[in-house]
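In: Sequence isn't available, so here's the structure alone:
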């Protein structure tokens, strides 16, 4: 997988079969629609 961002949602086994990690998707779904930006800028 060329995109490292999607790699966290994949399961690979020794037979080179690729699947989707449903647990990782459920965990990430908790943050859907939320975006936090932190900065130390003094604008």
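Out: Alright, I've got the coordinates. Nothing here was measured: the structure is a model prediction, and the numbers come from that model.
In: What sits closest to the most centrally placed residue in the chain if chain neighbours are left out?
Out: Nearest to the mean C-alpha position of the chain, counting by CA atoms, centre = their mean, stands residue 8 at 5.0 Å. Nearest in space to residue 8, with sequence neighbours left out and distances taken as CB to CB, 6 or more residues apart in numbering, is residue 24 at 5.9 Å. (C-beta placed from N, C-alpha, C; glycine too.)
In: Pull the residues that contact the helix or strand harbouring that neighbour.
Out: Assignment of secondary structure by DSSP states H and E places residue 24 within helix 22-29. Applying CB atoms under 8 Å, 6 or more residues apart in numbering, the contact partners of helix 22-29 are 8-9.
In: How far does it sit from its chain's centre?
Out: 8 Å (CA atoms, centre = their mean, to the nearest Å).
In: ok, now stretch 33-40?
Out: Here stretch 33-40 is found 17 Å from its chain centre; the criterion is CA atoms, centre = their mean.
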